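J.: just coords:
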């Protein structure tokens, strides 16, 4: 970490800070510039709070050199983490996974029908919302426990592990028992109590990026889970919020190589929420595979027009199948399998 | 609500949708344009899901005419809501409240000392974090229950109701008993389970705007609390996330007149988190009062440089006092009292 | 276009506006809702100013149904436009073009050397800046006319049409004579005088998206050129500005299918400016091809560390060659040629 | 400037870079951390290109310590710059100026009428657009030279210096002769050729902030003008583009104290473009004065509903007068005059 100190600062105060930092086991390198003094802090600065340092009148700027995350950091864990969801490996150099399913579980029949269709199309996991985060208190909030059981059954009968969003630690036990991959949604990416809670179980966690969170904050939220004891984290990019109005969110696929440089965790892409428009899903899915994603999570609905939520972004099964078929060919070109 | 339908759409499908909408009690006005058919939906469209409508192939665009919120809507509740925090009214035409205190409660001595200072300076409530949402799992996470008790004591001894952030419904009972104004932080603005939980208690809620949430989403989150049965909601703007790097967030004070046009709820401003820089707090605080804010919530610390969190944005007590003194004069000019 | 009018509005004023709109040849459909009156405007509303309509006290909202662009609109021009740059077709269903070259022309030797290398790697055009838009007045501003002549020569000797940025209409004549594809940079996307000027020449124009411009504004800037008489517009996405700090810009590849739905113009991608980081360029380039881009424009430098500008985002020739080789295979998979 | 270098880098390459930097007259301080080597560069780094340094494989990060601007920097010019527009001083500790007028000059009668009204209300300058930057080529583009002449006459007859936007250096001579304060619009903030052109004349320049430009880029654009020889720059904030949809732009008033800390230039606020909604202009204007703005530039129209452009954000004269009257009282409270 580097502190820039104003040149005409009170020497006593600066020395007092230097003593404090030394007492924390940091070595301090001192160098004088024309208008500023530069202090280089050597040692483990992970627990050092940038805002605390900025609160000193004489500190002009604070720059982190080392990343603030350790367990997620590829520097200290060079090989790819491969996370097992039941018997399906996510991450690594070879396999790409596709997860499909409806935005929300609506009925036993619906989820059975769609599970069958996504399985036949080539998906290896089933997604579906039972507890739904909805902007309005007046729209459908999901079937809750009933939905989870319907999915569990549909998953088992079609040989698909299931993925569903956990909105509150109150339901964690239920999820540990019945859900194979526990999703933390974008709106809860910085719900730190929830992160700590899922950090204490031994299930794989799918951590979505918050719609206005930096990549660094996202990795730090993964770090919360890892630091709490659960090493099974899969990252999921679903677009960020920008000024653009033609798409629901703006999806930056450059996060794929970036995440792979900075962390050892798998990353999958959600083209459905990223665009909010089914007619864009195919192009974006193929692009994600070409960019090196470890998987896709796609909304599929057989009658999107009657879906109780998020129909606009759902693919019909035959289009979903086409995405997988084309994706498979692109995967081959880059030396992977889908 | 207005649906724009492609001209060459399948008439049967469109008719089927019209029947569905009619069955929900909506009246449909039909008009044909050059390239599009326009359907005007008359009636209560609050529970209608825009994404569901967009999922129909033949629907080009969906436009909300009426706001999606009812209980927060000034149209149906023209007079200002005044929320009582103990015996202190927040909102209305006259009084402006100032809330002061440290970012985090650090010790009994610290909170006592600061409570005394903010009270003497003219603040009417005491703020302080006991459960802290921190980006890093390695930095100070707050004193928890102990911190709440310290604040409660310091508040009582100095005649100040206390404000603190609730991060999980697990601690709601504790907050109902010991905290006077329960804050929902920016990162939890769309933690809908938490919103529903605080909607079921009878305490005033301070709802901060999420750092990437639109004003409409913010009002919808207030609507969650109101619709769950708790009418005591105070909105708090704390800046939004943008590309600008010189300030921590970007604070748009035009939300003050906007919120007053659209809702009947009080709105207060947090200049400390908005700017992240104590040297900007005074200017922004005076601006907020001039723009019509119902209050300010400001971080104060007597030795910001030793604070365990967020020192960079904390005002020293003498500067806090000056903000109140200048603010008082501006309040007078616009016919209010502080 | 749809006007939402407040229910209790002065009837005379509303009627007067309706008369005005009728006088412009528009047909008006009138329908009454619970709280609002809805006016549907039928006819050509392209020249109607949304802000003018919003200025009426009684108008609550104005919604465009038809796109505000005509000449760029695929609705009125269903087949793809193919733009010829010398003898190289850009756009259409088959061919994908790759443009390579340094950020700035630095010397005759440098541009010759790089032209040869990009040509050998498979690029079909040469890019290079002679007039450079630089944030600081103190950094290298480009070689100007001399740079243009050096590029022209290097292009001719290597059989590559050249692309360079025009910053001012003052140099338009020079560009018409010596440059094959005239680039309008992101910072000038809404320099309307410049757009009109290049709309009057008969050269192909590469119109970059502004870093904070919506897709609609970008298409409207293309419309300026088209409406001024020049049909030869190629769009170029180069990332938009967001809160994210790990990349220079945020590149949304979903613009590729979107632009193809809304317009008939070719679209190429600039992964170098989009990411600002050469180590991300390969992944993003392959993704762009998979998503359906008509081309790539990539910065290449043989000694990036000595480049006078933007070295951080430049690929070395051998890496550029690898991008083309891999891209070629992906192009084949989706039925195109590179 | 600080370079962070990867620990296991090739020593020869690093030494070669150090030699290069030394040759530019910089002193280099070297310090070794756990994972990184830190190089502190001492001396004038203004002309050093961050991207060039980032292009070296072994450079992990580059941090600017000193600001990249010199002439605009308050550090080297501690006293406020006061810019004279005819006989009206802008900037300094005391006077606040209000500029009023229509978005566009529409006719001699219109500009005369409004000039009279804004003058009577207390404005000291007249604004009006003659060359209009419009998103659509199909909407009103302004009266051009004729409009300038109409404004000049209306200004003289009412004792008001005039402000108008220059869109192209082609009209610079006309503006130097007939306009008192030359505005560079948001869309041209990084039209560097235009900045250099107005840097060579001796007229005051009103430099608007680009809608997606950082404060630093904005100051750098001022630096272009200052470095070209024209010291008469007034900054104008007009809101930035964000995800929020209820307002046209997001106006951050914390730029006022920030600009005053970092530069010596006057800053005025444009609440009309910032909000896009006349009903928000009063609140925001008073806030700007309370925050320390040196002036306001407000759109005024006597019949906004018939205005040819931007009516939605224009104030009627009586409301404009009220803003000035209330603003005057707030100015007094903070020790200034309006």
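T.: Structure's in. What do you need? Everything numeric here is computed off the predicted structure, so don't read it as measured data. Numbering: from 1, shown residues only, chains lettered A, B, ... in the order given.

J.: okay, CA-based contacts and neighbour counts for the rest of this
T.: Will do.

J.: close to chain C, is stretch A:187-201?
T.: No - using CA under 8 Å from any CA of the partner chain, stretch A:187-201 stays clear of chain C, with a minimum separation of 16.0 Å.

J.: nope, stretch A:324-338 is what I was after
T.: Yes - with CA under 8 Å from any CA as the criterion, chain C is reached by stretch A:324-338 at A:326, A:329, A:330, A:333, A:334.

J.: buried ones in that stretch?
T.: Residues of stretch A:324-338 classed as buried by neighbour count (16 or more other CA atoms under 10 Å in any protein chain shown): A:324, A:326-334, A:336-338.

J.: Check stretch A:45-65 too.
T.: A:45-46, A:48-65.

J.: among these, which are in strands?
T.: A:59, A:60, A:61, A:62, A:63 (DSSP state E).

J.: show me the contacts for residue A:261.
T.: residue A:74 (CA atoms under 8 Å, 6 or more residues apart in numbering or on different chains).

J.: And the next helix or strand past the host helix or strand of it?
T.: In the assignment (DSSP states H and E), residue A:261 maps to helix A:255-262. For helix A:255-262, the following helix or strand on the C-terminal side (DSSP H and E) is strand A:267-269.

J.: packing partners for that next one?
T.: Contacts defined by 3 or more CA pairs under 8 Å, 6 or more residues apart in numbering or on different chains; DSSP states H and E place strand A:267-269 against strand A:233-237, strand A:295-299.

J.: Secondary structure class of residue A:41, three-state.
T.: strand (DSSP: H, G, I helix; E, B strand; the rest coil).

J.: Name whatever forms a beta bridge with it.
T.: For residue A:41, the beta-bridge partners are residue A:28 (DSSP bridges).

J.: So for it, what's the pLDDT?
T.: For residue A:41, the pLDDT comes out at 84.

J.: which stretches of the stretch 51-200 of chain A have low pLDDT?
T.: By pLDDT under 70, the stretch 51-200 of chain A has no low-scoring segment.

J.: Name the residue of it that lies nearest to chain B.
T.: Using CA to the nearest CA, residue A:55 is the residue of the stretch 51-200 of chain A that sits closest to chain B, at 3.7 Å.

J.: Distance check, the nearest residue to that residue once chain neighbours are set aside against chain D.
T.: Distance criterion CA to CA, 6 or more residues apart in numbering or on different chains; nearest residue to residue A:55, sequence neighbours excluded, is residue B:312 at 3.7 Å. Using CA to the nearest CA, to the nearest Å, residue B:312 is found at 15 Å from chain D.

J.: Taking the buried residues of stretch A:324-338, tell me the two that lie furthest apart.
T.: A:324 and A:334 (15.2 Å; CA to CA).

J.: before we move on, the earlier item: can you give me the mean pLDDT across the helix holding residue A:261?
T.: 97.

J.: So what's the gap between that helix and the chain middle?
T.: 12 Å (CA atoms, centre = their mean, to the nearest Å).

J.: Pull out the buried residues from it.
T.: Buried, per 16+ other CA under 10 Å, within helix A:255-262: A:255, A:256, A:257, A:258, A:259, A:260, A:261, A:262.

J.: Throw the residues you listed into CSV and include distance to residue A:141, thanks.
T.: Output for the buried residues of helix A:255-262, formatted as CSV (distance: CA to CA, whole Å):
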residue, distance to residue A:141
A:255, 31
A:256, 32
A:257, 36
A:258, 35
A:259, 33
A:260, 35
A:261, 38
A:262, 37
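
J.: Since that was my last question, I'll sign off now.
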